[in-house]
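J.: Output the structure for:
(one chain, ligands or ions: 1)
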Amino acid sequence: MKAKVNQDKCIGCGNCVALSESQVFDFNDDGLANCIVDEVPADLEEITKEAIEECPTEAIEEVKEA
Ligand code: SF4
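T.: Predicted coordinates:
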């Protein structure tokens, strides 16, 4: 799966960064979260889905393949 963070919605709470231990999401220089992998490793997909569900501003979305 792929994921992306909408920078206009992210409030930098850090939940997704903490959940993924900075392996899928990490902060950029603006203190907002970014998805740092092109493809989420299979063993981190569950965590990523959890991060999507738990994001307080619904800033993260799964990118569906065309
Ligand atoms: S959980 Fe949502 S609001 Fe919090 S840092 Fe991640 S993307 Fe931003």
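
J.: Determine the set of other helices and strands touching the lengthiest helix in the chain.
T.: The single longest helix within the chain, with elements called by DSSP state H, is helix 45-54. For helix 45-54, the packing partners by 3 or more CB pairs under 8 Å, 6 or more residues apart in numbering; DSSP states H and E come out as strand 2-5, helix 15-19, strand 60-63. All C-beta spots, glycine's among them, are computed from the backbone N, C-alpha and C.

J.: does the ligand sit close to the second one?
T.: Yes. With CB under 6 Å from any ligand atom as the measure, helix 15-19 is seen reaching the ligand through 15-16.

J.: Could I get the CA-only coordinates of that helix as PDB?
T.: Listed next in PDB are the C-alpha coordinates belonging to helix 15-19 (Å, rounded to 0.1, in the frame of the first residue of the first chain):
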ATOM      1  CA  ASN A  15       0.700  10.100  16.500                       C
ATOM      2  CA  CYS A  16       1.500   8.600  13.200                       C
ATOM      3  CA  VAL A  17       5.200   9.200  13.600                       C
ATOM      4  CA  ALA A  18       5.200   7.500  17.000                       C
ATOM      5  CA  LEU A  19       3.000   4.600  15.900                       C
END
